[in-house]
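J.: Take a look and give me a structure for this.
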Amino acid sequence: MSVQGELFGQQMDGLLDDYSASIQSQLQPFIELILRRVDELVAAEVEITDEMLEEITAGLNDAAARVIGSELNAMQPAVADQAERWGATTDKAFLPGPLLLELAEMDGTSLAKWFERQSPSKWMQGVMRAVQKGINDGWDRHRAASGASIEALVVTVAESAVWSAANGQLLRTWTAKEFTWQTRQDEMVCEICRPLDQTQFSGASNGPPSHPRCRCVALPGNTG
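T.: Predicted coordinates for the structure are as follows:
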């Protein structure tokens, strides 16, 4: 176990949790708006089509892209400050929010593509399925469950975004060329990441995150 690496992981945990919580808080009103809109349609006994569901969820989708882009942009100085304390160079320019959305990934897909409305996007499909399930199962009884499912999707994408963007910035700013994969070394570490702890890698594409909500970080050199 790397004591130094674990300390850095704890510091990053605390830092990134604040930005993830901010994203979730800002998106909560848009979740409530979806639920209220469905309330109105159900009360009016309107048959809700896929096209209507896409329109209903579009506001949350667009807000998520805007809010997450803004928070990723805002957190860069704080991440850079953490990295500098651990021997990083910070002479590289910060990236704007839209570009960070391009670089941050969810399930191996750029978040910028996640938030595209075409087809609709995978993210919107998830939100739409959560609403449709509540309607099919009886909206009055399952409204809260649909809301909780949407909130869980928001948590997943918010946490994935901030950790992915933070790791991208660390890999751009560390002075080292070789890196150590650092898990959080607790009971929540998954079976994908556990064997990767303390392994060495080079190149951003070979580093964390390895899955949605991955809390692993890249550290410079050998921390063992």
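J.: Residue 181 belongs to a strand?
T.: Yes. Under DSSP: H, G, I helix; E, B strand; the rest coil, residue 181 falls within a strand.
J.: was I right about it contacting residue 201?
T.: Yes. Using CB atoms under 8 Å, residue 181 is in contact with residue 201, at 6.2 Å. Heads up, the C-betas are built off the backbone N, CA and C, glycines and all.
J.: Residues that sit against both of these two, list them.
T.: 207, 218 (CB atoms under 8 Å, 6 or more residues apart in numbering).
J.: Can you pick out the residue with more neighbours from these two?
T.: residue 181 (22 against 16; other CB atoms under 10 Å).
J.: Show me the helices in this structure, by range?
T.: 3-43, 50-85, 97-103, 111-114, 122-137, 139-173 (DSSP state H).
J.: relative to helix 139-173, how tilted is the longest one?
T.: Translated: helix 3-43. 150 degrees (axes from the mean of the first three to the mean of the last three CA atoms, to 10 degrees).
J.: Return the list of helices and strands in contact with helix 3-43.
T.: Using 3 or more CB pairs under 8 Å, 6 or more residues apart in numbering; DSSP states H and E, the elements in contact with helix 3-43 are helix 50-85, helix 122-137, helix 139-173, strand 179-182, strand 217-220.
J.: Low-confidence ranges, this protein, go.
T.: For the chain, the stretches flagged by pLDDT under 70 are 1-4, 87-95, 106-107, 117-119, 175, 204, 222-224.
J.: please redo it, this time with the cut-off set to 50
T.: Low-confidence segments of the chain, defined by pLDDT under 50: 1, 224.
J.: ok, now which ones touch the closest residue in space to residue 126 that isn't next to it in sequence?
T.: Closest residue to residue 126 in three dimensions, ignoring its sequence neighbours and counting by CB to CB, 6 or more residues apart in numbering: residue 153, at 5.1 Å. Going by CB under 8 Å, 6+ apart, residue 153 touches 123, 126, 127, 130.
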